[in-house]
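Q: Fold the following for me, if possible:
(chains A and B)
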Amino acid sequence: MPGADKETDLSERIEAFLSDLKRGGSGTGPLRGSAETARETTALLRRVTAQARWSSAGDLMEIIRKEGRRMTAAQPSETTVGNMIRRVLKIIREEYARSRGSSEETDQQESLHKLLTSGGLSEENFRQHFAPLKANVIEAINELLTELEGTTDNIAMQALEHIHSNEVIMTIGRSRTVEAFLKDAARKRKFHVIVAECAPFCQGHEMATSLSKAGIETTVITDAAIFAVMSRVNKVIIGTQTVLANGGLRAVNGTHTLALAAKHHSTPLIVCAPMFKLSPQFPNEEDTFHKFVSPHEVLPFTEGEILSKVNVHCPVFDYVPPELITLFISNIGGHAPSYIYRLMSELYHPEDHEL
Amino acid sequence: MSLCEMTHQCKAALCMLLMNLTISNTRLQVTNSSCNFPDGPEKTGDIERIKNEGKELTKEEKQRLRKEKKQQKKNKEKKDEKAPLESEKEKKPASSSPASQATAQPPTQKASSGVPAPAPVPVAASEAPSPVDKPAKSKAELKAERRARQEAERASKQSKKGEVGQQAAPSKAKAPPSELQPVVKRLPEHIQVDNPEVLKKLAKKLERQQIPLRSDYGYKVSLFSHLHQYSRKAPLTQQLSIPSSVIHPAIVQLGLQYSQGIVAGSNARSVALLHAFKQIIRDYTTPPNEELSRDLVNKLKPYISFLNQCRPLSASMGNAIKYIKKEISNIPSQCKEEEAKSKLQDCIDCYINEKIILAAKAIAKYAIEKISDGDVILVYGCSSLVNHILCEAFEKNRKFRVIVVDSRPRLEGREALRRLVQRGISCTYVLISAVSYILPEVSKVFLGAHALLANGYVMSRVGTSQIALVAKAFNVPVLVCCETYKFCERVQTDSFVSNELDDPDDLIVTRKGKTHLEHWQDVSSLGLLNLVYDVTPPDFVDLVITDLGMIPCTSVPVVLRVKNVDQ
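A: Below is the predicted model:
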């Protein structure tokens, strides 16, 4: 039966995606960028919308939530997956509300006035069936995909507003967004970039070779020299893995030190992050978002005699509090860290924060 | 005695003194020419011949060369402000007129070793008489001419400004140590690589001393174009000719160990240097008609240049060399050779014992008071002193655990880790990028130092300032442990002006079969920076533990002054 084929096909794809996520996190597979993950997630959700069996918006949302929980469980550190799921859920809500005829804006806001006048919570069941809902949702997801494809370019277009000539810019590790940003600025202006190599994975090396091939004067320094060199740096531009709801960052390890050094020298810290990295998590506990990889990156097995007697840690991410950040540059423009919570309410519905 | 009589007597005394001075000055100038100073100011074709024979210049040849050079210099124009690099270069006059003045100075430098040397070198003309008793040539007009030139030079040099060589300099005090002397310092050569004149002078000096010049390697980051950058694959010893009788083999071995990083760490380098000097003293025999006190110091100069070429001298090594030179110059001339040699060897042993070994014990005693049970102590890299402290504390049955932070490319922390684990201390190991993850667990940070600068900044391995910064952000106390012999009179505010650049190829690493930076030399806009030291501002450091006690960072100049007064 064609329906069953479609379903098995769909579940196969989902399984393939899940195993890809699991493998990608351990560092053995090719490192995929967040943008790729976001695109794949969205494409997969579009397929789910198209091929799964659902009759009302509520059903669809249930299906997506279920798949979403599985996906986020596969790789908890890859927050773009969860973000995309929440975006799609919001799209569904919007389309549903539009089909029903009510405006979305007022439904969202919880205000004291509404609480008093409405006399009890209105249960949004999402049970009504609308025929064009499917097509609308798929169209909206296509728009989202287009937006995703253009994020890096949108951010890179803003580069000339932030970089002047003869600047010394510092960055850490490897971020494709920052790479595009700097290369775009280098077409018109001449400046110098210092890349901190970010041990033990040393992704900074790749970044430096790529930038220098584009004709930018690049210097590679070790992580230990970040503070020593910071006094001559004019700006620090970094990418990040996730932007948290309070405006803080979850970025590659070493970023907190970089941010502290920049604060000490009053150097502005600019974060280039597209909107799909914004996650509605708050950093309540220290340990909730740490991720560790094999300690043999830090202390290899050749040091065998002492390995058994020593604890070795190799954390992957660092938390950077919002006080150390000067500016966020995203595909919709520049924002201060204190504004991030507002952007969140535009992108995600509060009920979707917990999948 | 009436006042008038006293003042008259004083005046008379002053006159006598001045006359003695001028007479002794002229005697000095003359004796300089007849003394056997191998790095006399000049070079002619004779030097080529002698170099080929591998012998040192004889007395007469040197005298002749010196006179010729004086003539040449008198006709040349005044060179620019940058004063000559090492103290012996003072003999090479920067300007034409004070030719004799300059030559007068070095002998007095060597001679007046008994006077303590607080801040280096007032270049004022000396008052200390020379103990030399050679016959003086007497030409009255020469004497008067020289005296006039001396006065002029003294006046001009007191208004000039320069920086003192921090490296081995013989004690240079001439004026009695006054509080507010005009500090005339000389820039060390190794931070003036971007000045071609300085490089030329250095090349000439090395040629004279028959030491090969090491050439820089690779593309240097523009911010550091004033520093040397050598490659470890091209050690200096490759350029030495095989029967090299100028440099003692112990020194060649030591230089190679320094440049390849086999002997690393401030204390280790100083101790190795002092042992090598002991070996040299053992093998030394005074040439006929020479004084041990002067000749031995001159023998040491090319060795020090060689070591400097292999790897720039550290502050502790500089202090050790100053001490040795002072001790050697203090040997009375009537002392027999064997006696003098054994006395010097005892001095060296005593120095090592007092300044390094006993100091470590004293520091450990103070530091153990600061370690309490249940502490989690963070250390960075491999500092012999901090390791000693931790081992001592563990032996005194303090319960604590250690977190060792390490950084590429040297990865010295692994060595510290091995030593601590061998003793049975429970350790954790992380890289420096993970330090903000691990700091919430830490109760204290112990750091070692390479040198303590006079403005309170701590010069140490690169990354130390970063650790202090993050520790401050987390409100964890930072304690620096440093022996007093590492205190130096330099001042520095950033890590750029005076630093050391290590081999840039060390940053290259192969991960998962890919080496991204392998061909970094082919890409013209790519540079690798491998810094060795950085300076930590004193507001990040809570306490400095020295063998004199526990002091705040800002008390370093007080300690320096106390030490100098003692000496």
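Q: how about the helices in the stretch 101-250 of chain A?
A: Per DSSP state H, counting those that start in this stretch, the stretch 101-250 of chain A carries helices over the ranges A:104-108, A:112-118, A:133-157, A:176-186, A:203-213, A:226-230.
Q: Deepest in the core, which of these is it.
A: Ranked by mean neighbour count, the helices of the stretch 101-250 of chain A are led by helix A:226-230 with a mean of 27 (mean count of other C-beta atoms under 10 Å in any protein chain shown). Where you see a C-beta, it was placed from the backbone N, CA and C, and this is true even at glycine.
Q: all strands in the chain, in order from the N-terminus.
A: Picking chain A for this. In chain A, the segments counted as strands under DSSP state E are A:168-172, A:192-196, A:217-221, A:235-238, A:242-243, A:249-252, A:269-272, A:310-312, A:317-320, A:327-330, A:333-335.
Q: my bad, chain B
A: With DSSP E as the criterion, chain B has strands spanning B:375-380, B:400-406, B:427-431, B:444-448, B:451-452, B:458-461, B:478-481, B:526-528, B:533-536, B:543-546, B:549-551.
Q: Tell me what angle the fourth one forms with strand B:375-380.
A: Looking back up the chat, that one is strand B:444-448. Here strand B:444-448 runs at an angle of 30 degrees relative to strand B:375-380 (axes from the mean of the first three to the mean of the last three C-alpha atoms, to 10 degrees).
Q: how about the helices of the stretch 451-567 of chain B, start to end?
A: Under DSSP H, counting those that start in this stretch, the stretch 451-567 of chain B gives helices at B:464-473, B:556-566.
Q: can you tell which of those is closest to chain A?
A: Smallest distance to chain A across the helices of the stretch 451-567 of chain B (C-beta to the nearest C-beta): 4.1 Å, for helix B:464-473.
Q: wait, does that closest one contact chain A?
A: Yes. Applying C-beta under 8 Å from any C-beta of the partner chain, one finds helix B:464-473 in contact with chain A at B:S465, B:Q466, B:L469, B:V470, B:A473.
Q: Pretty sure B:V458 sits against B:D539.
A: No. Applying C-beta atoms under 8 Å as the test, B:V458 and B:D539 come out as separate, 11.2 Å apart.
Q: Between the two, tell me which one has more neighbours.
A: Neighbour tally, B:V458 and B:D539, criterion other C-beta atoms under 10 Å in any protein chain shown: the higher count belongs to B:V458, 27 against 11.
Q: residues near residue 344, how many?
A: No chain was given, so I picked chain A. A:M344: 21 neighbours (other C-beta under 10 Å).
Q: my question was about chain B
A: Look at B:L344: counted by other C-beta under 10 Å, it has 23 neighbours.
Q: Point me to the residue of the stretch 51-200 of chain A nearest chain B.
A: A:A199 (5.0 Å).
Q: looking at it, that residue is touching A:I221, isn't it?
A: No. In this structure, A:A199 is not within contact of A:I221 by C-beta under 8 Å, at 11.4 Å.
Q: which residue sits farthest out from the middle of chain A?
A: Taking C-alpha atoms, centre = their mean, the residue of chain A most remote from its mean C-alpha position is A:E305, at 40.6 Å.
Q: show me what contacts that one?
A: Neighbouring residues of A:E305 by C-beta atoms under 8 Å, 6 or more residues apart in numbering or on different chains: B:R418.
Q: Minimum distance to B:A250: which of the strands of chain B has it?
A: B:A250 lies closest, by C-beta to C-beta, to one member of those: strand B:451-452, at 25.2 Å.
Q: Going by contacts, tell me the helices and strands next to the closest one.
A: Contact partners of strand B:451-452 among helices and strands, from 3 or more C-beta pairs under 8 Å, 6 or more residues apart in numbering or on different chains; DSSP states H and E: strand B:458-461.
Q: Need the helices of the stretch 101-250 of chain A in JSON lines (columns: mean pLDDT and distance to A:I332).
A: Formatted as JSON lines, the helices of the stretch 101-250 of chain A follow (pLDDT from 0 to 100; distance: least, C-beta to C-beta, whole Å):
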{"stretch": "helix A:104-108", "mean pLDDT": "50", "distance to A:I332": "18"}
{"stretch": "helix A:112-118", "mean pLDDT": "62", "distance to A:I332": "28"}
{"stretch": "helix A:133-157", "mean pLDDT": "91", "distance to A:I332": "8"}
{"stretch": "helix A:176-186", "mean pLDDT": "94", "distance to A:I332": "14"}
{"stretch": "helix A:203-213", "mean pLDDT": "92", "distance to A:I332": "25"}
{"stretch": "helix A:226-230", "mean pLDDT": "93", "distance to A:I332": "30"}
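Q: Save the ones you listed as JSON lines, and put in distance to chain B too.
A: Converted to JSON lines, the helices of the stretch 101-250 of chain A look like this (distance: least, C-beta to the nearest C-beta, whole Å):
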{"stretch": "helix A:104-108", "distance to chain B": "37"}
{"stretch": "helix A:112-118", "distance to chain B": "40"}
{"stretch": "helix A:133-157", "distance to chain B": "20"}
{"stretch": "helix A:176-186", "distance to chain B": "10"}
{"stretch": "helix A:203-213", "distance to chain B": "4"}
{"stretch": "helix A:226-230", "distance to chain B": "4"}
